[in-house]
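1. When you get a sec, could you give me coordinates for this:
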Amino acid sequence: MFVFIGRLVLAFSAAALAVAAQSLAVDKQADLVIRSTTRLVQMSVVAQDKHGRPVVDLKKEDFQVFDKGKLRPITVFVVEAAGITSQPQSAPRDTFTNQFARTTGARSAYAVVLLDWLNTGWSDQARARQQVVQMLDRIERNDRVALYVLDRRLRVISEFGDNTATLLEKLATLRGDPIDWGEAPAASIYDASVSSLGGALFPNSTGVSHPAAGSNKEEQMFLLDQRVRETLMAFQEIAAHLASVPGRKTLIWVSAGFPLKVLWSVADGAVPNERDYNAEIGRTIQKLNDADVAVYPIDARGLTASASAYDTIWTMKEFALRTGGLAWYNHNDLDVGMRNALDDIRFSYTIGFLPPEEASNGFHNVRVNVRRPGVSLHYREGYYLDEPSNSHPQDQRTEVVRAMASPVDSTAVPITVRAARNRDTLMLQISLDAGSLNFVREADRWQGKLEIQARFEAADGGQIGSITSKVVEFNMLPQTYGAALRNGLPFHIYLQIPPDATALKELVWDVRSGKIGTLSIPLKMVTEN
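-> Residues are numbered from 1 along each chain as shown. A predicted model of the protein is given here:
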């Protein structure tokens, strides 16, 4: 079956699936993946002794898990130790994937250091940069550390796989993208006023600010709103990027932060307006939890007695609490907080359990106990049951647009591509992991729906031409679906390469689940026939 989409030709390899299915026709139906409506909840737990050192000899029977106060049996128990890893195997020539290279040994030890210049004043950026240098000087060879910057947008400075020397070299030349914040630093457009109002998601929070007096409050609110939304978007992009990496990951957020709520009025004495970011923060935290990413906020302001810092510290503490990280604030030794974050991903425990059968939808508080004196635990506060991050079709479409424009690939849908080039024609053999897609059985068929997009990019990352896309609906027999589970879901795509294009970005959107996978392919890495 061939479908022409502008300059894109999509061939769904039904024949390939049929051939594979014939060889599997004798397989029993029980061999197929069985999907359950009960979701297994998995949580990463870090255990430390009274000196802050990791406790590495705990057993399954040492832990107890309570879901909304009810004791739950532990059905999954995995020790996540970094250990010694070998070099990742290189992919075959002209083969590309959005999955992280597999190594022997570690399932964790991935950390992203995010230098958040968007929310940090100029005076604090130089010190924070130097503290990151000190932290990088002490990382271990098995640590996989990436360095990103958030200024006008999320930027990748150094991706996983770069050695320490390369990281330090890139960091030494790093400068934030200048932002016109007027007379006030980025992190200081609100004053020290703190309200006792609590957030809906964070009922004990007091992180509420008022715009600074004596300036254009409407303009300040616009700038603050843009900063908050860009920051949350960056968090979501990082979560999507790390979604396929097994085990606990860490986001080290070096920032001056932002408040949970802002109260403001156009004129003195007027009824104050309220801008509340609890809902947006909640959705972002859910995405981080789904990807098992713990946030470790590092207050770039260091030791401070300023009451205005209290508003944003609340936000940092809530991100840490809700994702299982720790906030480091009111300390000048920022590098110590960063190293503590790295220590936590080198050894942890993954605990899995099933929610109670009568469990209701919504947020579930979880408590984990350990039967050993002197051991402290930190883990995320709970989980959401049957509340997808993107329930509205318009929200899902927005996620697709953002994923296509993101500087990092989304990995929730594993994509593998074998590419070849003949002058200005690009030929792609795409294989998708069918097990990661949300196919539903209706009668004797497995049904699903995907949208596949392609976008060419210039050297500066800008789009060339228009994005081409096609929706593909599936109605597969059990043996065909079984073949797809075992051998991948194959497609062939043919594209005309426009002048000045340097890269191609492929996107696969599983419409039913909302999962997105993207894969960036540098055209210079594709062999020309």
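
2. ranges for the helices of the stretch 1-150 of the chain?
-> In the stretch 1-150 of the chain, helices defined by DSSP state H, counting those that start in this stretch lie at 14-23, 122-136, listed in chain order.

3. The longest one packs against which elements?
-> Going back to what we said before, that points to helix 122-136. Judged by 3 or more CB pairs under 8 Å, 6 or more residues apart in numbering; DSSP states H and E, the packing partners of helix 122-136 are strand 110-116, helix 164-172, strand 249-255, helix 334-346. Heads up, the C-betas are built off the backbone N, CA and C, glycines and all.

4. what's the next helix or strand after the last one in contact with?
-> Translated: helix 334-346. For helix 334-346, the following helix or strand on the C-terminal side (DSSP states H and E) is strand 347-353. Residues outside strand 347-353 that contact it (CB atoms under 8 Å, 6 or more residues apart in numbering) are 40-47, 54, 56, 58, 63, 65, 67, 72-82, 108, 247-248, 368.

5. Show me how far the helix or strand hosting residue 469 is from its chain's centre.
-> Using DSSP H and E, residue 469 maps to strand 463-476. On the basis of CA atoms, centre = their mean, to the nearest Å, strand 463-476 sits 24 Å off its chain's mean C-alpha point.

6. For the helices and strands packed on helix 122-136, give me CSV that also has distance to residue 274.
-> Listed next are the helices and strands packed on helix 122-136 as CSV, based on distance: least, CB to CB, whole Å:
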stretch, distance to residue 274
strand 110-116, 25
helix 164-172, 39
strand 249-255, 23
helix 334-346, 32
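
7. among these, which is nearest residue 97?
-> The closest of the helices and strands packed on helix 122-136 to residue 97 is strand 110-116. By CB to CB, the value is 16.4 Å.

8. okay, the angle between the closest one and helix 334-346?
-> Between the axes of strand 110-116 and helix 334-346, defined by axes from the mean of the first three to the mean of the last three CA atoms, to 10 degrees, the angle is 150 degrees.

9. List the pairing partners of strand 110-116 within its sheet, with orientation.
-> strand 144-150 (parallel), strand 249-255 (parallel) (DSSP bridges).

10. So which of these has the densest surroundings on average?
-> strand 249-255 (a mean of 27; mean count of other CB atoms under 10 Å).

11. got the angle between that one and helix 122-136?
-> Using the same axes, to 10 degrees, strand 249-255 lies at 150 degrees relative to helix 122-136.

12. Run the chain-centre distance for strand 249-255.
-> With CA atoms, centre = their mean, you get 11 Å for strand 249-255.

13. Give me the contact list for that strand.
-> 108, 110-116, 119-120, 128, 131-132, 231, 235, 238, 242, 288, 291-300, 316, 319, 325, 334, 338, 341-342, 344-345.

14. Pick out the shakiest of the helices and strands packed on helix 122-136, pLDDT-wise.
-> Mean pLDDT per stretch puts helix 164-172 lowest among the helices and strands packed on helix 122-136, at a mean of 79.

15. Can you tell me what sits against that helix?
-> 129, 132, 133, 136, 137, 139, 145, 147, 157, 158, 162.

16. Using a markdown table, lay out the residues you listed together with pLDDT and distance to residue 434.
-> Below are the contacts of helix 164-172 laid out as a markdown table (pLDDT from 0 to 100; distance: CB to CB, whole Å):
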| residue | pLDDT | distance to residue 434 |
| --- | --- | --- |
| 129 | 85 | 45 |
| 132 | 86 | 41 |
| 133 | 84 | 45 |
| 136 | 79 | 40 |
| 137 | 75 | 45 |
| 139 | 74 | 38 |
| 145 | 87 | 33 |
| 147 | 91 | 35 |
| 157 | 89 | 35 |
| 158 | 87 | 34 |
| 162 | 74 | 33 |
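
17. For residue 92, state which of those is nearest.
-> For the contacts of helix 164-172, the nearest to residue 92 is residue 162 (22.7 Å; CB to CB).

18. Count the neighbours of that closest one for me.
-> The criterion is other CB atoms under 10 Å. On that basis, residue 162 has 17 neighbouring residues.

19. On the three-state scheme, it is what?
-> Following DSSP: H, G, I helix; E, B strand; the rest coil, we place residue 162 in the coil state.

20. So for the helix ranked longest in the chain, what gets flagged as buried?
-> Identified as the longest helix of the chain according to DSSP state H is helix 217-241. Using 16 or more other CB atoms under 10 Å as the test for burial, helix 217-241 gives 217, 220-221, 223-224, 227-228, 230-241.

21. quick one on the thing from earlier: mind telling me which of the helices of the stretch 1-150 of the chain the model trusts least?
-> Across these, helix 14-23 gives the lowest mean pLDDT, at a mean of 40.

22. Buried ones only from the contacts of strand 249-255, please, as a PyMOL command.
-> The following PyMOL line selects those of the contacts of strand 249-255 that are buried, judged by 16+ other CB under 10 Å:
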select buried, resi 108+110+111+112+113+114+115+116+119+120+128+131+132+231+235+238+242+288+291+292+293+294+295+296+297+298+299+300+316+319+325+334+338+341+342+344+345
